[in-house]
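Novice: Sharing a sequence plus its predicted fold:
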Amino acid sequence: ASLGKLEGVMEILDVSNNMLGGRIPGEIGKLREAIVLLDENSLTPPAPVGVCKIATVQDDKELCPPEIKILEDFYLSFNGPEWVNNSLWLDDSVTYCSWFGVTCDE
């Protein structure tokens, strides 16, 4: 089953306090209208960009560091859609560390 298929159907996804680890699936980002609770887990930051657009997650500075918004603003300000290689930029399913030309210390 795909979490993304719950878009528009699910109001709350509470997986807090479940000792979850690893990367957050990008499909959770499709649940933008839902309340998504991820607290008290061992999730690997950064979260995929789409997840960081969820109101209940976007203020988590560990999962959604300010670099995401800064890089998004940079991309849009400098006509990123017209770049020769804008591979994966603003792709909701990956972290900003996967955007072409961006290197993250992990």
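Specialist: Looks like it arrived, so ask away. Residues are numbered from 1 along each chain as shown.
Novice: show me the contacts for the residue of the chain positioned farthest from its centre.
Specialist: In the chain, the greatest distance from the average C-alpha position (Cα atoms, centre = their mean) is reached by residue 84, at 24.2 Å. The neighbourhood of residue 84, defined by Cβ atoms under 8 Å, 6 or more residues apart in numbering, contains no residues. Just so you know, the C-beta spots here come from the backbone N, C-alpha and C atoms, and that holds for glycine as well.
Novice: Let me see the ranges of the helices in this structure.
Specialist: Assigned by DSSP state H, the helices in the chain fall at 67-77.
Novice: now the strands for it?
Specialist: In order along the chain, the chain carries the following strands (DSSP state E): 12-14, 21-22, 35-37, 42-43.
Novice: which residues sit against the last one?
Specialist: When you say that, I think you mean strand 42-43. Contacts made with strand 42-43 from outside it, assessed by Cβ under 8 Å, 6+ apart, are listed as 19, 20, 21, 22, 23, 24, 63.
Novice: Poorly predicted segments of this structure, please.
Specialist: In the prediction, the chain carries residues with pLDDT under 70 at positions 1, 3-8, 106.
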